[in-house]
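>>> coordinates only, no sequence provided:
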């Protein structure tokens, strides 16, 4: 392979999300690794018929009311152990990923996010898209409330059951 073609190939690989590229023919053999390359191999397994199988609704955990007594016992236990309280107990509802794929906050780069922190949502609101095997799947809120936190970066991979958003119930 000519040097100019290799340089062009390197530029294309840098623009893509490929972390490693290997090429081999009778006379040439080389490998190109980007800064995203990791020596530990991560394998993501997706069912081959994912697009034809209906995705069952994921149950949304119900908020558990927290009493002042419970909060004071948590803080008093931490004070007795001379340890700071790990985190305040909250009653947020989690919107979780129904599948493995890539998380997108908007339908396209030119459009705004479906939801942002502070937005009030209803059960039928689309909160994001998850792309799996070149298919874009809308994720519905399935709860109502106010978006408190977005837990995932845009265009990043997500796992089944991973928390995408925290919602404060109405």
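Looks like it came in fine. As the structure is a computational prediction, the values presented were derived from the model and not from experiment. Numbering: from 1, shown residues only.

>>> my read is residue 4 is in a helix, agree?
Yes: counting by DSSP: H, G, I helix; E, B strand; the rest coil, residue 4 is part of a helix.

>>> quick check: mean pLDDT across the helix or strand where residue 147 lies?
Mapping residue 147 onto the secondary structure by DSSP states H and E places it in strand 145-150. Averaged over strand 145-150, pLDDT sits at 94.

>>> list the neighbouring strands of it plus their orientation.
strand 120-121 (antiparallel), strand 163-169 (antiparallel) (DSSP bridges).

>>> what's the closest of those strands to residue 4?
Among the strands paired with strand 145-150, strand 163-169 comes nearest to residue 4, with 44.2 Å by CB to CB. No exception for glycine: its C-beta is placed from N, CA and C like everyone else's.

>>> quick one: buried residues of that closest one?
Within strand 163-169, the residues scored as buried using 16 or more other CB atoms under 10 Å are 164-167.

>>> just give me the closest of those residues to residue 113.
Closest to residue 113, out of all of these and judged by CB to CB, is residue 165, at 11.1 Å.

>>> next secondary structure after the strand holding residue 147?
Taking DSSP H and E, what comes next after strand 145-150 is strand 156-158.
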